[in-house]
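Q: Sequence first, predicted coordinates after that:
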Amino acid sequence: MTLTTDNAVLLLIDLQQKLVPVIADADAMIARSVRLAEAAQLLGVPVRATEQYPAGLGPTVAALAAYPQETLAKTTFSAAGDPGFDALLPAGTREVVIAGCEAHVCVLQTALDLVDAGYRVAVAADAASSRDPADAAAGIARARQHGVDIVTSEMVLFEWLRDSRNPRFRDVQKLLR
């Protein structure tokens with residue numbers, strides 16, 4: 001069951017200026033998140049973001065700030081638990097690809113709540129991390145146990161493309177170099 005661009009959204013969770021610097025492998029996480037956001041933009045997949053208590057953790061990092069069409073400020077760990085979350089997702093959304101931090105807290109809780117709500121959810125493991133790599137690994141493992149697809153950013157790109165004859169193939173392929 002491959003991911004599609006139909007009724008899909010890319011959700012960037014809490015990739016914020018004061019949080020990202022303390023995250024393990026932050027540079028790789030941001031690079032993979034940018035890759036996903038650029039591909040989403042090329043392929044017409046809406047990009048949404050959340051910011052956990054932005055007054056304290058700041059806004060989304062500069063490398064990603066231009067991609068989300070909408071951003072939800074929240075205090076709940078699960079973005080899906082925030083009263084404004086339903087309005088964040090485009091109408092008809094069925095698949096949610098998640099990148100962000102922390103993998104064992106906000107990413108995990110959001111993914112679990114979305115699965116419970118009937119969405120197909122995929123977490124891009126190479127674009128999700130935590131302060132402690134062991135916490136990130138545990139969060140990813142728990143998500144998998146509860147029906148979340150664990151993928152990589154490259155898997156998402158090729159599944160979204162579906163065919164090398166896709167008119168955007170070369171543009172997306174450049175993101176992998």
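A: Yep, it's here. Because the structure is predicted, anything quoted here is derived from the model rather than measured.
Q: tell me the helices in this protein, going along the chain?
A: 26-43, 54-57, 85-88, 108-116, 133-145, 153-161, 169-174 (DSSP state H).
Q: For the first one, buried residues please.
A: Buried residues in helix 26-43, counting neighbours by 16 or more other Cβ atoms under 10 Å, are found at 26, 29-43. Backbone N, C-alpha and C define where each C-beta goes, glycine included.
Q: what do you get for stretch 130-146?
A: 130-131, 135-136, 139-140, 143.
Q: from the middle of its chain, how far away would it be?
A: 15 Å (Cα atoms, centre = their mean, to the nearest Å).
Q: repeat for stretch 116-131
A: Averaged C-alpha coordinates place stretch 116-131 at 6 Å from its chain's average position (Cα atoms, centre = their mean).
Q: For that stretch, buried residues please.
A: So for stretch 116-131, counting by 16+ other Cβ under 10 Å, buried means 119-131.
Q: Identify those among those residues that sit within strands.
A: Residues of the buried residues of stretch 116-131 located in strands (DSSP state E): 120-129.
Q: what's the farthest-apart pair in the buried residues of helix 26-43?
A: Farthest pair in the buried residues of helix 26-43 (Cβ to Cβ) is Ala26 and Leu43. Separation: 25.8 Å.
Q: Outside of stretch 104-119 itself, list whatever touches it.
A: With contact meaning Cβ atoms under 8 Å, 6 or more residues apart in numbering, stretch 104-119 is reached by 11, 13-14, 50, 52, 77-81, 93-96, 98, 100-101, 121, 123, 128, 130, 135-136, 138-139, 142-143, 146-148.
Q: so for that stretch, what's the average pLDDT?
A: Stretch 104-119 shows a mean pLDDT of 98.
Q: Pull out the buried positions in that stretch.
A: Neighbour count says stretch 104-119 has 104-115, 119 buried, by 16+ other Cβ under 10 Å.
Q: Find the nearest non-adjacent residue to Gly58, please.
A: Gln17 (3.5 Å; Cβ to Cβ, 6 or more residues apart in numbering).
Q: My guess is the one you found contacts Leu64. True?
A: No: shown here, Gln17 and Leu64 do not form a contact pair, counting by Cβ atoms under 8 Å, at 10.5 Å.
Q: With neighbour numbers in mind, choose between these two.
A: Leu64 (22 against 15; other Cβ atoms under 10 Å).
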